[in-house]
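Participant: just the structure for this:
(chains A and B)
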Number of protein chains: 2
Amino acid sequence: MTETTHKRYVIIVGGGNGARMNSPVPKQFMKLDGKPVIMHSINKFLETDPSIEIILVLPEDHIKFWESMCEEFGFHKPVKIALSGETRFHSVKNGLEFVTEDNSVVGIHDAVRPLVTSKTILAAYKAAEMYGNAVPAVPINDSIRQIETTRSIAVDRSRYCATQTPQCFRADILKKAYLQDFHYTYTDDAMVVESMGEHIRLVDGNVENLKITGPKDLIIAEALMKADAQVFIPNKN
Amino acid sequence: MTETTHKRYVIIVGGGNGARMNSPVPKQFMKLDGKPVIMHSINKFLETDPSIEIILVLPEDHIKFWESMCEEFGFHKPVKIALSGETRFHSVKNGLEFVTEDNSVVGIHDAVRPLVTSKTILAAYKAAEMYGNAVPAVPINDSIRQIETTRSIAVDRSRYCATQTPQCFRADILKKAYLQDFHYTYTDDAMVVESMGEHIRLVDGNVENLKITGPKDLIIAEALMKADAQVFIPNKN
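Facilitator: Below you'll find the predicted structure:
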């Protein structure tokens, strides 16, 4: 049984300036289990597919810092650096410049999601290869309500899901989508592709794949990493 | 300035059988920072308002275990015990039997939300006193999508929120709502009251107020508790 696998890229978006973290260090550079968050994220993709091409999008004034961290942590992985833009849309667009192979699948991943699993990554790339796109998603556990001007209305949470990254797309489709003009309603990449009329396909994400946006998220991520490590102690699961 | 405060009750619903925890101990009885989750939850309400009346709803076959835990932990708080029913709806209805004062506000709280803050509790009770009901809610941080048969559709997450407990109601309204027949679409108490035509009011919840439904949630809760404790070290915040 042979399987044709398209070339894979991942654009890792690390454009945040850390304003919400109450910290001079942007959140993707903060340490998780002794290593910068962003390095965990990059490693997850390389461990899953050593041939994947990594494109890291960073603000220009973080590049020196990134390079000094690579020295400090002996992190010498083949990573191409693109400059971040005004919004996530512009950052991804800049990253896409490094996608030279049109017959490929491109994942776009938040640098601050270090707990993505190989299973989630592979599910998204394989489905995108087959169907053109795929977005990892998990069920919403809380009851949710729709906010109206003077009231709130119960909604059936089973009809909704929370999306994660990597959001994966066939390169040709993604490039075409990013030729569109920017619109402020684009909060993720799936929306950019969806606005061309594409139907977005969902695959199973992993619940631990949280986005580290505040100091408490870092604490949660650290606890989850340690818990996962425990699972691998023989005779303990 | 005087402030009339209505009598307050809280119905703490601890009806789960722990099936999802891979553990013989139901999740509300699992230990968090050395003490059962449910005791943390009860303490939060008593610390916030020592005059509040606590009604604890438990499955009949957990009551002996609860009593032995109270002995073990020297937990001798004034708690009335109601028996849980077939669904949450029936459990709350049983708990309401102990609400004898109609001119009061009743909160309904998940036993497995030990990280609720006094601020959230007071916001909900005060708003319910004034407006008839109040539900704590927090913004949804993830992008969300609506699931359709063959596709998924982006939705504007800022129009939705995730609800928590305690959900608070004026006793007369709540009792009337629980005279209705049970309907399977009721996933929380606000929906029962809403089905009578009441508009549900939202107040700010606290993001740490997670519902412990799986083993990872317990790990997260533990990490958040420790992080909160650190915040109180002098000169450290």
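Participant: now the spatially most distant residue from the centre of chain A: closest residue in space, sequence neighbours ignored.
Facilitator: Here the centre of chain A is the reference, and by Cα atoms, centre = their mean the most remote residue is residue A:150, at 35.9 Å. Excluding the flanking residues, the one nearest residue A:150 by Cβ to Cβ, 6 or more residues apart in numbering or on different chains is residue B:199, at 6.8 Å. In this view, the C-beta of every residue, glycine as well, is placed from N, C-alpha and C.
Participant: hang on, residue A:219 in a strand?
Facilitator: No - with DSSP: H, G, I helix; E, B strand; the rest coil as the criterion, residue A:219 is located in helix rather than a strand.
Participant: which residue is nearest the centroid of chain A?
Facilitator: Nearest to the mean C-alpha position of chain A, by Cα atoms, centre = their mean, lies residue A:109 at 2.0 Å.
Participant: quick one: that one is in a helix?
Facilitator: No - per three-state DSSP, residue A:109 lies outside any helix segment and is strand.
Participant: so it bridges to which residues?
Facilitator: Judged by DSSP bridges, the bridge partners of residue A:109 are residue A:12.
Participant: check what pLDDT it gets.
Facilitator: As predicted, residue A:109 sits at a pLDDT of 98.
Participant: please report how far it lies from residue B:89.
Facilitator: 42 Å (Cβ to Cβ, to the nearest Å).
Participant: then residue A:199?
Facilitator: Distance from residue A:199 to residue B:89, by Cβ to Cβ: 37 Å.
Participant: convert stretch A:31-50 to CSV, retaining C-alpha atoms only.
Facilitator: Once non-C-alpha atoms are left out, stretch A:31-50 reads as follows in CSV (Å, rounded to 0.1, in the frame of the first residue of the first chain):
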residue,chain,number,x,y,z
LYS,A,31,9.3,29.5,29.3
LEU,A,32,7.2,26.4,29.6
ASP,A,33,9.0,23.5,31.3
GLY,A,34,12.2,25.4,31.0
LYS,A,35,12.0,26.1,27.2
PRO,A,36,10.3,28.9,25.2
VAL,A,37,6.7,28.2,24.2
ILE,A,38,7.5,28.7,20.5
MET,A,39,10.2,26.0,20.5
HIS,A,40,7.8,23.5,21.9
SER,A,41,5.4,24.4,19.1
ILE,A,42,8.1,24.0,16.4
ASN,A,43,9.3,20.7,17.8
LYS,A,44,5.8,19.2,17.7
PHE,A,45,5.7,19.7,14.0
LEU,A,46,9.2,18.4,13.4
GLU,A,47,8.6,15.4,15.6
THR,A,48,5.4,14.6,13.6
ASP,A,49,7.0,15.1,10.2
PRO,A,50,10.7,15.7,10.0
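Participant: start to end distance for stretch A:196-210?
Facilitator: 28 Å (Cα to Cα, to the nearest Å).
Participant: now do the buried residues in that stretch.
Facilitator: A:198, A:200-203, A:205-210 (16 or more other Cβ atoms under 10 Å in any protein chain shown).
Participant: what comes into contact with the helix or strand of chain A with the lowest mean pLDDT?
Facilitator: Ranked by mean pLDDT, DSSP states H and E, the weakest helix or strand in chain A is helix A:215-231, scoring a mean of 82. Contacts to helix A:215-231, defined as Cβ atoms under 8 Å, 6 or more residues apart in numbering or on different chains, come from residues A:21-23, A:27, A:30, A:32-33, A:37, A:114-115, A:208, A:210-212, A:236-237, B:207-208, B:215-216, B:219-220, B:222-224, B:226-227.
Participant: and the buried ones among these, selectable in ChimeraX?
Facilitator: In ChimeraX, a selection of the buried entries from the contacts of helix A:215-231 looks like this (16+ other Cβ under 10 Å):
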select /A:21,27,30,32,37,114,115,208,210,211,212 /B:207,208,215,216,219,220,223,224,227
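Participant: that older thread, hmm, residue A:149 and the residue nearest to residue A:150 touching each other?
Facilitator: No - at 10.8 Å, residue B:199 does not count as touching residue A:149 under the criterion of Cβ atoms under 8 Å.
Participant: so who does residue A:31 touch?
Facilitator: Contacts of residue A:31 (Cβ under 8 Å, 6+ apart): residue A:37.
Participant: roughly how far does it sit from chain B?
Facilitator: Going from residue A:31 to chain B by Cβ to the nearest Cβ, to the nearest Å gives 15 Å.
Participant: beta partners of that residue?
Facilitator: Per DSSP bridges, residues listed as beta-bridge partners of residue A:31: residue A:36.
Participant: how near is it to residue B:79?
Facilitator: Distance from residue A:31 to residue B:79, by Cβ to Cβ: 44 Å.
Participant: can you pull out the strands in chain A?
Facilitator: A:7-13, A:31-32, A:35-36, A:53-58, A:79-83, A:104-110, A:133-139, A:144-147, A:152-155, A:160-163, A:167-170, A:202-204 (DSSP state E).
Participant: tell me the pLDDT at residue A:23?
Facilitator: With respect to pLDDT, residue A:23 scores 55.
Participant: and for residue A:193?
Facilitator: So residue A:193 comes in at 96 (pLDDT).
Participant: repeat that for residue A:150.
Facilitator: Here, the pLDDT recorded for residue A:150 equals 79.
Participant: quick one: it and residue B:137, what's the gap?
Facilitator: 15 Å.
Participant: can you check residue A:186 too?
Facilitator: 26 Å.
Participant: and the two? which has more neighbours close in?
Facilitator: Comparing residue A:186 with residue B:137 by other Cβ atoms under 10 Å in any protein chain shown, the one with more neighbours is residue B:137, at 24 against 20.
Participant: ok, the residue nearest to that one when sequence neighbours are not counted - contacts?
Facilitator: Nearest residue to residue B:137, sequence neighbours excluded (Cβ to Cβ, 6+ apart): residue B:161, at 4.0 Å. By Cβ under 8 Å, 6+ apart, the contact list for residue B:161 reads A:144-145, A:147, A:152, B:137-140, B:202.
Participant: redo that, cut-off 10 Å
Facilitator: A:142-147, A:152, B:135-140, B:202, B:204-205 (Cβ atoms under 10 Å, 6 or more residues apart in numbering or on different chains).
Participant: roughly how far apart are it and residue B:42?
Facilitator: 26 Å.
Participant: repeat for residue A:49
Facilitator: Residue A:49 sits 50 Å away from residue B:42, going by Cβ to Cβ.
Participant: the residue nearest to the centre of chain A contacts residue A:135, correct?
Facilitator: No - counting by Cβ atoms under 10 Å, residue A:109 stays clear of residue A:135, with 11.7 Å between them.
Participant: quickly list what's touching both of these two.
Facilitator: A:124, A:164-168, A:189.
Participant: which among those gets closest to chain B?
Facilitator: residue A:164 (7.2 Å; Cβ to the nearest Cβ).
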